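1. Give me a model of this one.
(one chain, ligands or ions: 2)
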Amino acid sequence: MTLPLFTRALGFGARTAIVAPEGRFSYADLLATSAAVASRLLGDRRDLAEDRICLLAPPGWAYVTAQWAIWRAGGIAVPMAVSHPTAELEHVLDDAGAAAVIAHPELAARVAASAAARRIPVILTTDVPRAARTEVLPDLTRERACLILYTSGTTGRPKGALLTHGNIQAQVESLSAAWAWTADDRVLLHLPLHHVHGIVNVLTSALWNGALCEIMPSFTPTPVWERLASNSLTLYMAVPTVYARLIDAWDAAPPEVRTAWSDGARACRLMVSGSAALPVPTLERWEQITGHRLLERYGMTEIGMALSNPLVGERRPGFVGAPLPGVGVRLADDTDAPVPAGTPGEVQVYGPTVFASYWERPRETAAAFTADGWFRTGDLAVVDHGAWRILGRSSVDILKTGGEKVSALEIEDVLRTHAAVADCAVVGVADSDWGERVCAAVVTRPNAQLSEAELRAYAKDRLAPYKVPKQILFMPELPRNPMGKVTKPSVRALFEGPPGT
Ligand code: MCA
Ligand code: AMP
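-> Numbers count the residues shown, from 1 in each chain. Ligands and ions are numbered 1, 2, ... in the order given. Reported below is the predicted structural model:
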């Protein structure tokens, strides 16, 4: 057991690691249970040798112990989204070449038939042997691959970003230094656990530092406010949509509840926002309500966190701060040359936090890096008096909705498989709740009958819920330029007019 994440946990022993719907568990419990599950996964083998083990479990104790078990047995954890329909889960099983699925009993039915058809065993998270055989666990190094996270690219289905233990350690060390994590921290976690935000920034950072991570299986505003107001948390991290929902809930609450919530939230030492641009009005309103100026930071699945406003010092609204410790960040032009000061450019990132490769996609991996080894994020930014401001993305076809990254082209490909759809164009439209909402302009085939509800239901069966268009417009033809290419800004304009027009 040579990885510092696990050796450090030994030192934290009786301290509480996880508070979850299943109960309260110490670091010693986490080591014992994950070792038991790891020996179950290993059977007679000495090392899973980077077998991909899919994990379908809601945020909670079962998820954490299974994830540590996969790692300690030498496997690669492939967390699956609990909200995804069968088609998306099957894409992950097939693309990752899963050797097994660990599933929570309440979710096992979702994946059972797909796994059976592929002869992939399903192991329940409740299937924990009584005795752990820690002596049989393999020795692991930082170079060992340990995590595949699926992320949308511009084209095709989501691809797997492969991370090593070294990547995760570098990300956690950088955040621990920047945000001054200590063993006395207590963080609330309700983010989905198939993204870097929930897995690295919250869960693994807490466990690396001997802190306490309190897990709620999903987000609902009132219970979250009640926990924030409990005076027992020091840290909170969420996406802008969540802060907007919390503000709405506060506005709707009676005066005495508002006061209790605001007073309680002040006791936190740090509140962080990221995964999508934080609207300045949201930042300002949150500061009025809680006294906290949110610390906005910028990251991406492939690189972890790259830029962050300071823990101590000025946090400029609308800016994402400066490069984090140990992370190389530069702005480059179309030829990958660094741009002159004050000029916008593409954010490019270098260093130990950057992922290893796209799983079994050498061509996409090569295209994602410059000749001198910097990762191309596809985000545009500018530096103003030392602070970085994200200007948007170089591709109009990558959207962010409620913190989830979505490819417009992937959604179009799926809508076009409907027999009544002749053509379509998907766009992201500015939205005060979601940041961007997914909208689709659709041309139906001659004489075909198709309602918005039918097409949404069709999409829902095949795509993650956040990829399903929130608005669909049927039209005789799509707006095109003189070359015949669909003009996405014109499509977007169709959805931007006042309601009912
Ligand atoms: C759910 N819906 C969504 C989204 N989530 N639609 C658009 N965008 C979304 N993100 C759908 C639901 O399926 C439902 O559809 C309808 O919208 C309303 O659902 P609701 O109950 O309001 O939503 P929710 O379940 O409360 O979820 C909203 C949420 C959640 C809490 C904001 O999406 C969330 O936790 N997002 C955070 C994602 C995240 O962690 N991203 C980090 C990745 P219907 O009504 O049709 O059923 S980025 C990352 O990791 C990088 C490294 C970084 O920088 O952090
Ligand atoms: P994902 O691929 O899901 O990890 O999402 C990463 C993307 O989220 C980045 O490439 C950015 O486009 C966006 N993002 C993350 N944090 C921020 C932020 N603070 N401001 C603007 N965009 C952000």
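
2. for Ser490, what are its contacts?
-> Pro479 (CB atoms under 8 Å, 6 or more residues apart in numbering). For the C-beta atoms, the positions are set from N, CA and C on the backbone; glycine is no exception.

3. How is it assigned, secondary-structure-wise?
-> At Ser490, secondary structure determined by DSSP: H, G, I helix; E, B strand; the rest coil is helix.

4. end to end, how far does stretch 114-122 reach?
-> End-to-end distance of stretch 114-122 (CA to CA, to the nearest Å): 10 Å.

5. what's that stretch in contact with?
-> 86, 89-90, 93-94, 98-103, 108, 111-112.

6. mind running it again at 7 Å?
-> 86, 89-90, 93, 98, 100-101, 103, 108, 111-112 (CB atoms under 7 Å, 6 or more residues apart in numbering).

7. From ligand 2, how far out is the residue of the stretch 401-501 of the chain found nearest ligand 1?
-> Taking CB to the nearest ligand atom, ligand 1 has its nearest neighbour within the stretch 401-501 of the chain at Gly402, 2.3 Å off. The gap separating Gly402 from ligand 2 is 11 Å, by CB to the nearest ligand atom, to the nearest Å.

8. Dihedrals phi and psi, that residue?
-> phi 60, psi 30 (degrees, to the nearest 10).

9. And it, how far from Lys467?
-> 11 Å (CB to CB, to the nearest Å).

10. Looking at those two, which is more packed in?
-> Lys467 (24 against 21; other CB atoms under 10 Å).

11. Let me see the contact set for that one.
-> Lys467 neighbours (CB under 7 Å, 6+ apart): 406, 411, 438.

12. Now with 10 Å, please.
-> 84, 88, 152, 158, 399, 401, 404, 406-408, 410-411, 414, 426, 438, 459-460 (CB atoms under 10 Å, 6 or more residues apart in numbering).

13. Only the buried subset of those residues, as a PyMOL command please.
-> PyMOL command restricting the contacts of Lys467 to the buried ones, with burial defined by 16 or more other CB atoms under 10 Å:
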select buried, resi 84+88+152+158+399+401+404+406+407+408+410+411+414+426+438+459
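
14. Which members of the contacts of Lys467 occur in helices, if any?
-> Mapping the contacts of Lys467 onto helices (DSSP state H) picks out 88, 408, 410-411, 414, 459-460.

15. Please list which of the residues you listed are also close to ligand 1.
-> Filtering those for proximity to ligand 1 by CB under 6 Å from any ligand atom leaves nothing.

16. how much space between the residue nearest the centre of the chain and Asp95?
-> Nearest to the mean C-alpha position of the chain, by CA atoms, centre = their mean, lies His195 at 2.7 Å. According to CB to CB, His195 and Asp95 sit 17 Å apart.

17. One more: Ala425?
-> 27 Å.

18. Give me the more crowded residue out of the two.
-> Using other CB under 10 Å, the more surrounded residue of Ala425 and Asp95 is Ala425, with 27 against 19.

19. Any chance of TSV for the ones in helices among the contacts of Lys467, columns distance to Leu307 and pLDDT?
-> Listed next are the ones in helices among the contacts of Lys467 as TSV, based on distance: CB to CB, whole Å; pLDDT from 0 to 100:
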residue	distance to Leu307	pLDDT
Glu88	30	97
Ala408	25	97
Glu410	27	97
Ile411	29	98
Val414	33	97
Ala459	34	98
Lys460	35	98
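
20. Check the gap between the residue of the stretch 401-501 of the chain closest to ligand 1 and Leu191 for me.
-> From Gly402 to Leu191 the distance is 11 Å (CB to CB).

21. shared neighbours of the two, anything?
-> Joint contacts of Gly402 and Leu191 (CB under 10 Å, 6+ apart) are 239, 242, 275.

22. Report the contact partners of the first one.
-> It stands for Val239. Applying CB under 10 Å, 6+ apart, the residues near Val239 are 191, 195, 197, 219, 245, 273-276, 278, 400, 402-404, 435.
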